[in-house]
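Participant: A predicted structure for the sequence below; I have some questions about it.
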Amino acid sequence: MCSLKCCSLRAFFLLVLCRSVQISDAEGKGEILPPTIQNIIKGYNKYLRPFFDNGPVSVGMSLDIASIDTISEINMDYTATIFLRQRWTDERLCFDGNKSLSLDGRLVEMLWVPDTFIVDSKKSFLHDITVENRLIRIYPNGTVLYAIRITTTVACSMDLTKYPMDKQTCTLQLESWGYNINDVMFYWTRGNDSVRGLDTLQLAQYTVEDHFTSVSEAVYETGRYPKLVFHFELKRNILYFILETYVPSILLVVLSWVSFWISQSSVPARICIGVTTVLTMTTLMMGARTSLPNANCFIKAIDVYLGICFSFIFGALLEYAVAHFCTLHRPSSKEIPKDEDEGTEEERNGVLAAVANSCSASDNTKKIDSDKGSKTSINGKKERNKHSGCSSPMSIMKSLFCIFDCFHVKNPYHIDNYARFSFPLSFIIINVFYWVYYLYF
């Protein structure tokens with residue numbers, strides 16, 4: 001009997017406890033949803049868009065760019081934190097009064113909202129510290145303001161052929177996922193002024209030169225959808241690359257020219273300078289490519305300049321090799337008698353004289369044959385061919401001797417003297433063409 005009484009008492013207390021919990025839940029809901037909101041939500045179907053049978057609903061949008069965190073040339077994308085605000089009118093949410101209602105962001109699940117998405121987004125998330133960063137505000141005429149704070153990584157196609165003197169144009173595209181142009185229409189609330197925050201934005205390597213907005217349509221197999229596009233142009237700051245890459249490259253080229261003022265007999269010194277500058281330039285070229293995409297389709301401006309500097313440094317090393325080779329194969333002045341020099345010159349003149357005599361002999365033969373007049377027109381043609389065939393080798397021989405004289409180095413020590421002026425002059429000229437082309441074309 002005692003056990004039965006205890007069980008009945010426990011059941012009674014459980015019933016009282018459940019009843020009290022139900023009453024507290026009802027009171028809590030009543031506190032969350034005041035009478036005005038209850039009247040608005042009553043009979044509201046969040047699965048149907050506004051003006052379901054009366055044409056498309058117009059959704060106005062505006063953006064605040066809080067920050068652009070990273071711009072990656074390797075992945076060709078940028079990461080930005082933005083405040084996205086959407087505004088539309090829902091006649092089912094009209095209420096009496098002259099003040100707007102600011103609601104908890106979690107109540108957005110009870111209302112219809114546009115299915116807006118970022119087209120080229122790779123990864124996005126909604127901030128939720130300390131609560132989800134969402135705002136809902138309803139005005140008496142049924143206008144709804146919906147704002148969210150998101151961070152998104154968006155793809156941006158880049159042309160790096162003029163890197164680091166390039167300009168990149170990136171976009172942020174907003175589209176409707178499921179509603180076509182017959183259901184929803186997008187527009188910028190204030191035109192180009194609908195996007196704010198870029199004027200005060202500080203970026204590490206870029207400067208925002210220009211930005212504008214546009215309205216278009218996205219055409220897919222399933223239909224035509226509204227699309228808003230925000231364009232912004234980024235110009236890279238070149239000062240960092242001048243100090244990091246261009247100035248060291250120029251100094252390495254100038255350092256390679258120091259060998260022109262060192263005696264050719266100092267073989268270790270000149271070889272050491274040449275090899276050291278070549279290896280240092282190679283390391284600099286490899287370091288400049290680490291922060292860039294390994295794409296063969298991009299021959300960047302910095303690659304062209306590093307290639308030019310490497311060519312001059314390697315050319316300075318080859319210059320000493322040629323000069324040293326000519327020095328080793330050049331006999332001393334004591335070993336070369338004057339008679340041998342004169343003999344060489346006479347031998348060259350003798351070759352030319354022999355060719356000239358053979359040509360004059362053919363001319364005399366032609367004159368005798370013309371006086372006699374016994375030769376036919378065919379023989380005359382052969383004689384003319386003989387004459388032209390004789391004069392042609394003579395002109396070729398003269399040209400070859402002129403070419404050989406140009407390349408003939410009488411004193412190998414003059415090679416360094418020529419290099420002291422030709423290398424710096426050609427480097428300056430190439431630099432002028434390089435900077436003018438990449439900065440102004």
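Facilitator: Cool, got the structure.

Participant: isn't Ile262 right next to Cys272, touching?
Facilitator: No. Applying CB atoms under 8 Å as the test, Ile262 and Cys272 come out as separate, 10.1 Å apart. Where C-beta positions appear, they are placed from N, C-alpha and C, glycine not excepted.

Participant: Need the nearest residue in space to Ala323, chain neighbours excluded.
Facilitator: Ile415 (4.2 Å; CB to CB, 6 or more residues apart in numbering).

Participant: What are the buried residues along the helix or strand hosting the one you found?
Facilitator: Using DSSP states H and E, Ile415 falls within helix 414-440. Within helix 414-440, the residues that count as buried by 16 or more other CB atoms under 10 Å are 415-416, 419, 423, 427, 431, 438.

Participant: Report all helices and strands that it contacts.
Facilitator: On a contact count with 3 or more CB pairs under 8 Å, 6 or more residues apart in numbering; DSSP states H and E, helix 414-440 meets helix 247-257, helix 301-328.

Participant: okay, the angle between it and helix 301-328?
Facilitator: Helix 414-440 and helix 301-328 are oriented at 170 degrees to each other (axes from the mean of the first three to the mean of the last three CA atoms, to 10 degrees).

Participant: looking only at pLDDT, what's the mean for helix 414-440?
Facilitator: Average pLDDT, helix 414-440: 94.

Participant: and it, how far out from the chain's middle?
Facilitator: In terms of CA atoms, centre = their mean, to the nearest Å, the centre of helix 414-440 is found 27 Å from the chain centre.

Participant: And stretch 76-96, by the same measure?
Facilitator: 33 Å.

Participant: same check, this time on stretch 89-102
Facilitator: 49 Å.

Participant: ends of it, how far apart?
Facilitator: For stretch 89-102, the first-to-last residue distance is 16 Å (CA to CA, to the nearest Å).

Participant: Can you mark which positions in it are buried?
Facilitator: 89-90, 92-93, 101.

Participant: quick one: contacts of it?
Facilitator: 36-37, 39-40, 44, 50-51, 57-58, 111-112, 135-144 (CB atoms under 8 Å, 6 or more residues apart in numbering).

Participant: And the average pLDDT for that stretch is what?
Facilitator: 89.

Participant: Over to stretch 129-136?
Facilitator: Average pLDDT, stretch 129-136: 92.

Participant: Span of it from start to end?
Facilitator: Start to finish, the residues bounding stretch 129-136 are 17 Å apart (CA to CA).

Participant: ok, Phe423 - contacts?
Facilitator: 257, 260, 312, 315-316, 319.

Participant: Next, find the distance separating it from Thr245.
Facilitator: According to CB to CB, to the nearest Å, Phe423 and Thr245 sit 21 Å apart.

Participant: and if you look at Ile150?
Facilitator: In terms of CB to CB, Ile150 sits 36 Å off from Thr245.

Participant: and what of Met285?
Facilitator: For Met285, the distance to Thr245 equals 9 Å [CB to CB].

Participant: got it, and Asp303?
Facilitator: Here Asp303 is placed at a distance of 11 Å from Thr245 (CB to CB).

Participant: who touches both of the two?
Facilitator: Shared contacts of Asp303 and Thr245 (CB under 8 Å, 6+ apart): Ala288.

Participant: contacting residues for Ala323?
Facilitator: Here Ala323 is in contact with 264, 412-413, 415-416 (CB under 8 Å, 6+ apart).

Participant: just Asp115 next, same as before
Facilitator: In this structure, Asp115 makes contact with 176-179, judged by CB under 8 Å, 6+ apart.

Participant: With distance to Ile71, secondary structure and pLDDT added, can I get those in TSV?
Facilitator: Shown next, in TSV, are the contacts of Asp115 (distance: CB to CB, whole Å; DSSP: H, G, I helix; E, B strand; the rest coil; pLDDT from 0 to 100):
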residue	distance to Ile71	secondary structure	pLDDT
Ser176	28	strand	96
Trp177	27	coil	95
Gly178	32	coil	93
Tyr179	32	coil	95
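
Participant: Run a quick neighbour tally on Leu160.
Facilitator: 21 (other CB atoms under 10 Å).

Participant: which SSE is the nearest residue to it once chain neighbours are set aside in?
Facilitator: Closest residue in space to Leu160, ignoring its immediate chain neighbours: Phe298 at 4.8 Å, by CB to CB, 6+ apart. Under the criterion DSSP H and E, no helix or strand holds Phe298.

Participant: Run a quick neighbour tally on Phe298.
Facilitator: By other CB under 10 Å, neighbour count at Phe298 equals 15.
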